[in-house]
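Novice: only geometry, no sequence info:
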């Protein structure tokens with residue numbers, strides 16, 4: 001099991017505070033490891049670990065993303081996420097009760113700053129975004145919409161104009177397993193996406209199965225282009241998988257100041 005960490009609310013959170021306060025706090029925890037530019041020896045889509053060919057060269061895509069490239073035209077995570085940073089924050093925020101609900105503030109601040117700085121990059125690259133949706137939760141017992149709360153946590157901050165009616169979860173179908181493409185797990189309003197460019201927002205890319213399955217459902221409904229934006233792309237150097245340890249080492253040395261996205265870097 002992952003070694004998830006706990007977090008103590010900083011003192012400034014009970015008074016006046018800003019996005020910059022939260023970004024500095026995240027930086028002090030080592031949570032701001034920019035995803036872009038993707039490391040050279042990583043998956044060309046998700047920036048994750050990749051194996052070696054018989055000739056000794058790294059593959060262009062990881063095993064999962066080879067199947068995802070027909071559904072996802074662009075993946076834009078803000079940061080790399082490690083077990084003790086963004087991944088732990090999201091886990092505590094979503095599933096450990098009200099005492100961790102304050103973590104929507106740092107997570108929302110990071111999202112707001114990334115959207116402010118790079119939504120225009122993505123929009124220009126895609127030739128215009130027509131529809132923005134979020135990945136519907138697989139969890140029906142949580143009692144709150146964690147992505148909505150997170151996106152609206154920063155007063156006056158940059159956010160995404162979501163359409164919650166376009167993409168919904170069909171809970172009669174089991175959730176996609178790790179690395180599985182299961183578009184039937186999602187329902188799409190076809191006329192809302194047919195011939196259009198759709199941006200999908202999610203919190204964390206781990207295996208990518210939920211985002212890729214939702215993207216496949218959107219493509220099946222006629223979407224012309226589907227891009228995915230996430231807060232984090234999970235990296236675990238302890239599992240010994242392919243070159244994951246090397247990627248973690250490189251990512252942890254990255255500096256947030258002046259960071260870009262995969263489009264503008």
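Specialist: Cool, got the structure. On a predicted model such as this, the values are computed, not experimentally measured, just so you know.
Novice: assign a three-state SS to residue 228, would you?
Specialist: Assigned by DSSP: H, G, I helix; E, B strand; the rest coil, the conformation of residue 228 is strand.
Novice: residues in contact with it?
Specialist: Contacts for residue 228 (C-beta atoms under 8 Å, 6 or more residues apart in numbering) come out as 72, 74, 75, 76, 199, 200, 201, 202, 205, 211, 215. Every C-beta, even on glycine, is put in place using the N, C-alpha and C of the backbone.
Novice: same deal with residue 85?
Specialist: 29, 30, 31, 33.
Novice: looking at the residues you listed, spot the one nearest residue 161.
Specialist: residue 31 (26.5 Å; C-beta to C-beta).
Novice: circling back to that earlier point, who wins on neighbours among the contacts of residue 228?
Specialist: residue 215 (29 neighbours; other C-beta atoms under 10 Å).
Novice: angles on the backbone of it, please.
Specialist: phi -60, psi -40 (degrees, to the nearest 10).
Novice: for it, what are its contacts?
Specialist: With C-beta under 8 Å, 6+ apart, residue 215 has these contacts: 68, 71, 72, 200, 226, 228.
Novice: just the strands from the stretch 51-200 of the chain, written as ranges.
Specialist: Remark: strands assigned in the stretch 51-200 of the chain by DSSP state E, counting those that start in this stretch are 74-81, 131-134, 167-169, 186-188, 197-205.
Novice: other SSEs contacting the second one?
Specialist: Here strand 131-134 is seen to pack against helix 146-151, strand 197-205 when contacts are counted using 3 or more C-beta pairs under 8 Å, 6 or more residues apart in numbering; DSSP states H and E.
Novice: ok, now the first one?
Specialist: Counting contacts by 3+ C-beta pairs under 8 Å, 6+ apart, strand 74-81 packs against strand 33-34, helix 104-126, strand 197-205, strand 225-234, helix 244-252.
Novice: which of those sits most buried?
Specialist: strand 225-234 (a mean of 25; mean count of other C-beta atoms under 10 Å).
Novice: got the contacts of residue 228 as JSON lines, with distance to residue 38 and pLDDT columns?
Specialist: Formatted as JSON lines, these follow (distance: C-beta to C-beta, whole Å; pLDDT from 0 to 100):
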{"residue": "72", "distance to residue 38": "14", "pLDDT": "98"}
{"residue": "74", "distance to residue 38": "12", "pLDDT": "98"}
{"residue": "75", "distance to residue 38": "10", "pLDDT": "98"}
{"residue": "76", "distance to residue 38": "11", "pLDDT": "98"}
{"residue": "199", "distance to residue 38": "19", "pLDDT": "98"}
{"residue": "200", "distance to residue 38": "19", "pLDDT": "98"}
{"residue": "201", "distance to residue 38": "20", "pLDDT": "98"}
{"residue": "202", "distance to residue 38": "18", "pLDDT": "98"}
{"residue": "205", "distance to residue 38": "13", "pLDDT": "98"}
{"residue": "211", "distance to residue 38": "17", "pLDDT": "98"}
{"residue": "215", "distance to residue 38": "19", "pLDDT": "98"}
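Novice: can I get those in JSON lines including distance to residue 244?
Specialist: Below are these laid out as JSON lines (distance: C-beta to C-beta, whole Å):
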{"residue": "72", "distance to residue 244": "21"}
{"residue": "74", "distance to residue 244": "23"}
{"residue": "75", "distance to residue 244": "18"}
{"residue": "76", "distance to residue 244": "21"}
{"residue": "199", "distance to residue 244": "28"}
{"residue": "200", "distance to residue 244": "25"}
{"residue": "201", "distance to residue 244": "25"}
{"residue": "202", "distance to residue 244": "21"}
{"residue": "205", "distance to residue 244": "14"}
{"residue": "211", "distance to residue 244": "20"}
{"residue": "215", "distance to residue 244": "24"}
